[in-house]
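Asks: curious how this folds, go ahead:
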Amino acid sequence: MMTNLFSTFDPSTNFGSLNWMSTLIMFLLIPPFFWLIPSRFNMLWNKIIFTLHYEFKTLIGKSSGSTMIFISLFSIILFNNFMGLFPYIFTSTSHLTMTLTLALPLWLSFMLFGWINNTIHMFAHLVPQGTPPILMPFMVCIETISNVIRPGTLAVRLSANMIAGHLLLTLLGNTGSMLSMIMINILIITQILLLTLESAVAIIQSYVFAVLSTLYSSEVN
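Replies: From the prediction side, this is the model:
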C-alpha cells in the first residue's frame, strides 16, 4: 500500500524521464508576453512582479536589480507547484533534487560573498547583541549550526508541504470506490476544498521560499 501511495512521487515510474518535463511546461506560458496588446494575464503578472520587486527591494535595502533573481525564483517554484496540482503531472518541487538545487547554490553564493567581502560583519552575526560573555561560545555554535542548515530547511519545507497535500488528496480519493453515493458527494466537496487549499499552499510556499532567500541575502550585506 505504501509503495503504491508514494509511487506518485517516484520520478522513475509512469512516464520515466518525461516526468521531469513538467518543470519545463511553464515555458509554454511565456509566448503571450510578447504580444503587442497585453492580455489580462500579462497585466496581472506584471502587477505581481512589480509588487514583489518593491517588497524585495525594501528587504534587501538596495535599489539594485538583484530582486529579479528572487522574482525568477518565485516564478519557477510557483509554476511548478501549480503544475503538480493537475492530474498525471509530476510534481518536481516535491523532490529534494529540485528544491536543494534551488536552495543550495543561493545559500552558498551568499556565504561566499559575505565571508569574502564582509568578514567582520559575518563574525558579528554569530554573536547576537546583548549576549552575556559566558554564553558567547554557545551562541557561536548555535548560530553556526542554524546558518549551515538553512538550505536544508528551505528545501525540506517546500518538499514536505508539496508532498503532504498531495498525499492527503490521494488518500481521500482512493476511498471513493468504497463509499455510498451521499458520502461520494461529500468526498467530492472535500476534495475541491482541499484542492483550493493546495492552490493557496502553492502560492504561499513559493513566496516563503523567495522571501527567506531575500532575507538571507540581506544579512550578508
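
Asks: C-alpha only now, for contacts and for neighbours.
Replies: Fine.

Asks: which residues in the chain form helices?
Replies: Ranges of helices in the chain, per DSSP state H, are 2-6, 40-60, 67-83, 96-117, 119-125, 136-148, 150-174, 181-219.

Asks: any chance of the ones you listed in a markdown table, with mean neighbour count and mean pLDDT too?
Replies: Converted to a markdown table, these look like this (neighbours: other CA atoms under 10 Å; pLDDT from 0 to 100):
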| stretch | mean neighbour count | mean pLDDT |
| --- | --- | --- |
| helix 2-6 | 10 | 62 |
| helix 40-60 | 15 | 85 |
| helix 67-83 | 20 | 89 |
| helix 96-117 | 16 | 89 |
| helix 119-125 | 13 | 77 |
| helix 136-148 | 14 | 84 |
| helix 150-174 | 17 | 88 |
| helix 181-219 | 16 | 90 |
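
Asks: those into TSV, with extra columns for distance to Phe90?
Replies: Converted to TSV, the helices of the chain look like this (distance: least, CA to CA, whole Å):
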stretch	distance to Phe90
helix 2-6	12
helix 40-60	24
helix 67-83	8
helix 96-117	12
helix 119-125	40
helix 136-148	30
helix 150-174	11
helix 181-219	15
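
Asks: for Met26, which of these is the nearest?
Replies: helix 67-83 (6.0 Å; CA to CA).

Asks: among the helices of the chain, which is nearest Leu28?
Replies: Comparing the helices of the chain by CA to CA, helix 67-83 comes nearest, at 11.0 Å.

Asks: next, the angle from that closest one to helix 96-117.
Replies: Helix 67-83 runs at 170 degrees relative to helix 96-117, counting by axes from the mean of the first three to the mean of the last three CA atoms, to 10 degrees.
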